[in-house]
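Participant: structure for the following, please:
(chains A and B)
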Number of protein chains: 2
Amino acid sequence: MVPATTTRETHGKPLPQRLDRVIHDRTRLAILSALAASEPLAFNDLKSITGTTDGNLSVHARRLEDAGYVECDKLFAGRTPRTEFRLTAAGRRALEKYLDHMEALIRATRKKG
Amino acid sequence: MVPATTTRETHGKPLPQRLDRVIHDRTRLAILSALAASEPLAFNDLKSITGTTDGNLSVHARRLEDAGYVECDKLFAGRTPRTEFRLTAAGRRALEKYLDHMEALIRATRKKG
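Facilitator: This next block holds a predicted model:
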């Protein structure tokens, strides 16, 4: 049980600590935001949109796959291998929830500032 | 010079990469948000509001001091030492800018989603 305190934004954890840490990373937030805008996206398109490197994109895309937020298809365009990413339903829900928490945090910070 | 691309939100870096990385950490965001709400705050108050540990708060408060976003006064209440934190003007501006960027990112993600 979490003791009630008047210093918390709501019951339980403070708002910033309720931000999903899988999503909160800047590169992963960029990947999810890009996929929310248009999907599927190929590896190179995602790399260009998020402004990151091959290695960094691979690591963070894998982390999002492991969380069940993103799925990855390996296809062939003729003989050329092509990797496509899309959001899962769980990933879209988790992103929405993250954005809701962040909006609440912005409102709370501005209101009192 | 940054080449123009149609895949960027605006000129230059994509929106998530323009989020101030000093502020984006969840514990540091919690500290700044708490100080925007009421200041000065004593170490123990800040610890309670942000829901973190002594060690974690010390590390992140130091990082915010090093960035010039927070200042720290060491006082005595009778014989009891007391550390108080407040936002600097630069810290308040940087937090506002971060919140503006985050709002733009939320709008861009939701509009297209």
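Participant: every contact and neighbour count from this point should use C-alpha atoms.
Facilitator: Fine.
Participant: residues in chain A within reach of chain B, list them.
Facilitator: Counting by CA under 8 Å from any CA of the partner chain, chain A comes close to chain B at A:7-8, A:13-17, A:19, A:26-27, A:29-30, A:33-34, A:36-38, A:48-51, A:99, A:103, A:106, A:109-113.
Participant: show me which of those residues are buried.
Facilitator: Buried members of the residues of chain A next to chain B, scored by 16 or more other CA atoms under 10 Å in any protein chain shown, are A:14-17, A:19, A:26-27, A:29-30, A:33-34, A:36, A:49-51, A:99, A:103, A:106, A:109.
Participant: in helices only, show me the residues you listed.
Facilitator: A:26-27, A:29-30, A:33-34, A:36, A:49-50, A:99, A:103, A:106, A:109 (DSSP state H).
Participant: quick one: the residue nearest the centre of chain A and residue B:86, what's the gap?
Facilitator: In chain A, the C-alpha closest to the average C-alpha coordinate belongs to residue A:23, at a distance of 3.5 Å (CA atoms, centre = their mean). Remark: distance between residue A:23 and residue B:86 (CA to CA, to the nearest Å) = 29 Å.
Participant: show me where pLDDT drops low in chain A?
Facilitator: For chain A, the stretches with pLDDT under 70 are A:1-12, A:112-113.
Participant: which positions within the helix or strand that residue A:71 is a member of qualify as buried?
Facilitator: Using DSSP states H and E, residue A:71 sits in strand A:70-77. Neighbour counts using 16+ other CA under 10 Å place A:70, A:71, A:72 of strand A:70-77 among the buried residues.
Participant: for it, packing partners?
Facilitator: Based on contacts counted as 3 or more CA pairs under 8 Å, 6 or more residues apart in numbering or on different chains; DSSP states H and E, the elements that strand A:70-77 packs against are helix A:54-66, strand A:80-87.
Participant: so which of these comes closest to residue B:58?
Facilitator: Nearest to residue B:58 among the helices and strands packed on strand A:70-77 is helix A:54-66; the distance by CA to CA comes to 28.6 Å.
Participant: the closest one: how far from the chain's middle?
Facilitator: The chain centroid and the centroid of helix A:54-66 are separated by 11 Å under CA atoms, centre = their mean, to the nearest Å.
Participant: then stretch A:21-37?
Facilitator: Relative to where its chain is centred, stretch A:21-37 has its mean C-alpha point 3 Å off (CA atoms, centre = their mean).
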